[in-house]
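Engineer: just to be clear, the model below is a prediction. Sequence and coordinates:
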Protein chains: 2
Amino acid sequence: MQFSSRFTIATHILLCIAMFEKETKVTSNFLSGSINVNPVIIRNILGSLSSAGMVGIKQGIGGAYLAKPAEEITLLDIFKAVEKEESLFHFHENPNPECPIGRTIHSVMDGKIETIQSAMENEMKDITLSRLLEEAKEKM
Amino acid sequence: MQFSSRFTIATHILLCIAMFEKETKVTSNFLSGSINVNPVIIRNILGSLSSAGMVGIKQGIGGAYLAKPAEEITLLDIFKAVEKEESLFHFHENPNPECPIGRTIHSVMDGKIETIQSAMENEMKDITLSRLLEEAKEKM
DNA sequence: AATAGTTGTAACCTTTATTGTTACAACCAT
DNA sequence: ATGGTTGTAACAATAAAGGTTACAACTATT
């Protein structure tokens, strides 16, 4: 199991917007060229980022722009915009309540699963789009 | 996207073995009854746990047993036994090297992704089977 | 030696998610 | 009015998850 590439594509999209929106019109075709993915997929992901309030999209004329400062966009925001599941873990549905373990496993594991997911999300929360952009510029 | 239920099923399996191996023969049918999942799926997951050195399985006679102390089995061990992908994240394959962002995104993001995954794995590493068993016994 | 309960595995099936594609109506600056 | 866009529908292909039946191979017990 892996997370879908929507997460890295969405991050790529936002980096391109932050980098190029001043100098050119960032359309789904432009992004498609940088990311090497079908423009329809780009438009769908852009739609998720727009619903989440991270970007705006110009109807008719075309082009996307950041709807909030790059300092205020984190990897967690991006992740949640494109991965809709609340819990990362799929718990088997019907453990047998007549078994001592089956009866208690949820109350034991649910908290652990939350802790694990939080550890991941906290790490994501600390990485902003502006920091990614800075690092990208350094490496150019 | 969610992790498959193999992880929680595998944890359930190990808890049942740790709990019951002294008093009864823990077969795939027994486990199937507690977990409420087809015995063939149990046997496949048991095979992964066996390959990873966590359990042994008695041929012919039947029954699984812990192959190492419960104190030395962590959620990370279990997770890695049943989820084989190295990276949690699927990176889009062919960013355009002629685009400044496309050219640098891998060197910027690869480290971040590792950090995020490590945060999750460190949390998993701290939770042992023996601790889960203790907590389950408390709640019974 | 035959039996009976297991395990390991092959061979299917269904369902769902991902990714890709074409097509086209709706939109709007020029 | 035009032309470049966006949003979305409608497909299709592939892969993974989860389930099921079937059966050969194994081994303690009788």
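Structural biologist: Received the coordinates, thanks.

Engineer: the residue of chain A found nearest DNA strand C sits in which helix or strand?
Structural biologist: Per Cβ to the nearest atom of the strand, A:Gly60 is where chain A lies closest to DNA strand C, at 1.9 Å. The C-beta positions use only the backbone N, C-alpha and C, and glycine is treated the same way. Here A:Gly60, judged by DSSP states H and E, is contained in no helix and no strand.

Engineer: ok, it to A:Ala52 distance?
Structural biologist: 22 Å (Cβ to Cβ, to the nearest Å).

Engineer: of these two, which one has the most company?
Structural biologist: A:Ala52 (16 against 4; other Cβ atoms under 10 Å in any protein chain shown).

Engineer: any idea how far that one lies from chain B?
Structural biologist: 17 Å (Cβ to the nearest Cβ, to the nearest Å).

Engineer: my read: A:Lys125 touches A:Ile78, true?
Structural biologist: No. Counting by Cβ atoms under 8 Å, A:Ile78 is not a contact partner of A:Lys125; they are 11.0 Å apart.

Engineer: the two: which has the busier surroundings?
Structural biologist: Higher neighbour count among A:Lys125 and A:Ile78: A:Ile78, with 26 against 14, using other Cβ under 10 Å.

Engineer: tell me the confidence at that one?
Structural biologist: pLDDT recorded at A:Ile78 is 98.

Engineer: check which helix or strand it maps to.
Structural biologist: Judged by DSSP H and E, A:Ile78 forms part of helix A:75-82.

Engineer: hmm, that helix touching DNA strand D?
Structural biologist: No. Using Cβ under 7 Å from any atom of the strand, helix A:75-82 stays clear of DNA strand D, coming no nearer than 13.9 Å.

Engineer: that helix near DNA strand C at all?
Structural biologist: No. Applying Cβ under 7 Å from any atom of the strand, one finds helix A:75-82 separated from DNA strand C by no less than 8.7 Å.

Engineer: what is that helix packed up against?
Structural biologist: For helix A:75-82, the packing partners by 3 or more Cβ pairs under 8 Å, 6 or more residues apart in numbering or on different chains; DSSP states H and E come out as helix A:6-20, helix A:39-51, helix A:100-125.
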